[in-house]
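Prediction below, plus the sequence it came from.
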Amino acid sequence: MGLLNALLLLVLLTCSQALPAIAIKYNTTSRRDPKKLNVHLVAHTHDDSGWLKTFDEYYWGTRQYIQTAAVQHILSTVVQALGENPDRKFCYAEMSFFSKWWGLQPPVVQDQVKQLVTRGHLEFINGGFVQHDEAAAHYVAMIDQTTRGHRFLNRTFGITPKTAWQIDPFGHSATQASLLLAAAGFEALFFGRADYQDMKIRSSNKQLEILWRPSVSWGESGQIWTHNYPSGNYGPPEGFNFDYGAWDAPIVDDPTSPEYNVPARVEDFIKQVDKWSDMIQGNDILFMMGSDFQFVNAHANFINMDRLIHHVNADSRVNVFYSTPSAYVAAKASYSNISWPVKTDDFFPYADCEHCYWTGYFTSRPTSKGYIRQATAYLAAARQLQALVNLGHDSTARSDPDHSGSDLRSSDHSAPDLRSNLGRSALRQQQQDRSDHSEQQQQQQQQGFSLEALEFAVSLSQHHDAITGTEKQAVANDYARYLYLGMQQASDLVNAALLTLLKSGEPAPSAAASSSTTPATSSSNGLFIARIRYVCCRLYDYVSTRIWDPIKHLVGGGSSSSGGVKQQGIFASADLDRD
């Protein structure tokens, strides 16, 4: 009995004197090596501006029993984690959330973010207010929401994104690629979802990276280099979801721990690299390290990526490092011996398995779709009235370089023809009218009317889970609430503008004017017409008005073939293969 007690005591003493853990300084300084297979780790989060929860529920982190998500903590902890290691990088796309978060931060945090952006540690991609749908959204609203996001970035950081990031929309349109990307100055496009049969063929032929040339009329000038993410989604490779609470094993590099798993984790990673490199041309591949509302505790994600980079590079079979979409595009653009296949049509319809076609959302929630269209048209009419009578403008807009040269607010809205007596008379009358209004009255007008709420609501509703109708009913109700409040606010401006036109308007000369008195306003066939000093402003019935899409065609003897247009951008198109 005494011998047994002695043995138990010996075991206890041995266990209590285990070797202490050894602190490791992780080497994350690696950069691209043209002689190796390079793995670009792109840290990101995909934050839907409404889906299972509303926009505000997602931002503040309420109702976590529906979905664990809190965008305010994602952005805050990402900024903290980026400041801890100068090699770390992160990219962000949704300006709806970021602009809200930005406005709630103290100056010291804002200065820190500006430094991260300047140094390239935080990269904004896409830059739209949301990632809009490409099938149900109207192109005018798509341009509006993109402009809203880009204007925020330009005013705040002096930048305009060059990399498009449409990773979650359910299919991709030719209009998006040619008009809203290539023609808008984007250099590359990344997306996740494409038809499973299409992706199967492209994966086997190493054609997931292409030159997308969707427009016959635009030709090569309307093409954009495109990356279709090999998984068909936008998450990390299998087994490497490092988000806090995820089921994938973290990297445990303490040799004294029974959970030590570095050799196994390195082998698993190399297998994923080999698998993806078989689907991508060249010696650069990209792993999206993040997914829906991930990085709510960014420290957990980044410390595991630090360990991954350190131990995989120590193995030396591949070269892995923190990267960004723009750095990956630059690497691909440096290739001189690769011809990118060309795609000439769109990516519709989208199916992710047999009998799993995502086409019902083209017509689902028709009332919601109609309400969004109604609000979009009402916003367009309100903006025209706002410009015409100069009501409710931001007093700083006229001095903002982002508005110079293109904003009707700072221009002579009626543009009278100075070559005619009528034009000179109209101009003199306008100048007299301006002098009649005191500065105090103008300030009251500017402070009293705004389209901000409606612009916010219309932009938000272009999200790929909003206008599509794929959101939960409570979320659809919240979108409708935003639209209603926005239209209510805009109606104040519209009513004031129409009142101004009625008070100052006079009938335009016409044949009927000689025989009868023409009223200042008239209504017929669903149109409301207000005449003001020979300038006619038509406010269309925004429910029934048809909107025609523009058609672009080559003029001046140009050829309709793509070879007649010089390629613009960073990717050449000589000796291209056509799929």
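Yep, it's here. Residues are numbered from 1 along each chain as shown.

What strand or helix carries Phe287?
Assessed by DSSP states H and E, Phe287 sits inside strand 284-289.

Check which residues of stretch 216-233 are buried.
216, 218-233 (16 or more other CB atoms under 10 Å). All C-beta atoms are positioned from the backbone trio N, CA, C, and that covers glycine.

do the same with stretch 128-148
By 16+ other CB under 10 Å, the buried positions in stretch 128-148 come out as 128-139, 141-148.

what do you get for stretch 233-240?
For stretch 233-240, a neighbour-count test (16+ other CB under 10 Å) marks 233-237, 240 as buried.

hmm, who's touching it?
Here stretch 233-240 makes contact (CB atoms under 8 Å, 6 or more residues apart in numbering) with 44, 46, 167-168, 192-193, 231, 241-242, 248-249, 268-269, 272, 276, 287-291, 308.

Okay, now that stretch: how far is its last residue from its first?
Stretch 233-240 stretches 15 Å from its first residue to its last (CA to CA, to the nearest Å).

Distance from the chain centre to that stretch, please.
21 Å (CA atoms, centre = their mean, to the nearest Å).

For Asn122, give me phi and psi.
One correction, residue 122 is Leu, not Asn. With angles defined as degrees, to the nearest 10, Leu122 sits at phi -120, psi 120.

Who is it paired with across the strands?
Going by DSSP bridges, Leu122 is paired in beta bridges with Phe90.

Any figure for the gap between it and Val78?
Using CB to CB, to the nearest Å, one gets 8 Å for the distance from Leu122 to Val78.

who has more neighbours, the two?
Val78 (27 against 23; other CB atoms under 10 Å).

Test my guess that that one contacts Ala298.
Yes. Using CB atoms under 8 Å, Val78 makes contact with Ala298 at a distance of 4.5 Å.

Tell me what Ile210 is bridged to.
Listed by DSSP bridges, the beta-bridge partners for Ile210 are Thr226.

Leaving out the residues flanking it, which one is nearest to Pro325?
Excluding the flanking residues, the one nearest Pro325 by CB to CB, 6 or more residues apart in numbering is Thr163, at 4.5 Å.

before we move on, the earlier item: who does the strand holding Phe287 pair up with?
Paired strands of strand 284-289, with direction, are strand 38-43 (parallel) (DSSP bridges).

what comes into contact with the partner strand?
32, 88-91, 273, 283-290, 295, 301-302, 305, 308-309, 312, 318-325, 327-328, 331.

Next secondary structure element downstream of it?
Criterion used, DSSP H and E; the element after strand 38-43 is helix 55-60.

Let's see which of the contacts of stretch 233-240 end up in helices.
268-269, 272, 276, 308 (DSSP state H).

Which two among those are spaced furthest apart?
The distance between the two most remote of the ones in helices among the contacts of stretch 233-240 (CB to CB) is 15.2 Å, for Trp276 and Leu308.

Between these two, which is the more surrounded one?
Per other CB under 10 Å, whichever of Trp276 and Leu308 has more neighbours is Leu308, with 26 against 19.

how far away is the more buried one from Tyr26?
9 Å.

what residue ranges in the stretch 1-150 of the chain are flagged as low confidence?
When residues are selected by pLDDT under 70, those of the stretch 1-150 of the chain lie in 1-21.

Asp195 - nearest residue in space that isn't next to it in sequence?
Excluding the flanking residues, the one nearest Asp195 by CB to CB, 6+ apart is Ala351, at 5.3 Å.

that's a helix at Gln384, yeah?
Yes. Read with DSSP: H, G, I helix; E, B strand; the rest coil, Gln384 is one of the residues of a helix.

Only alpha carbons, please: show the helix or strand hosting Ile74 as CSV.
Ile74 belongs to helix 71-84 when assigned by DSSP H and E. Extracted C-alpha coordinates of helix 71-84, given in CSV (Å, rounded to 0.1, in the frame of the first residue of the first chain):
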residue,chain,number,x,y,z
VAL,A,71,-21.0,44.4,-37.7
GLN,A,72,-20.0,47.2,-35.3
HIS,A,73,-17.8,44.7,-33.5
ILE,A,74,-16.4,43.3,-36.8
LEU,A,75,-15.1,46.6,-37.9
SER,A,76,-13.9,47.7,-34.5
THR,A,77,-11.9,44.5,-33.8
VAL,A,78,-10.5,44.4,-37.4
VAL,A,79,-9.1,47.9,-36.9
GLN,A,80,-7.5,46.8,-33.6
ALA,A,81,-6.1,43.6,-35.1
LEU,A,82,-4.6,45.4,-38.1
GLY,A,83,-2.8,47.8,-35.8
GLU,A,84,-1.1,44.9,-34.0
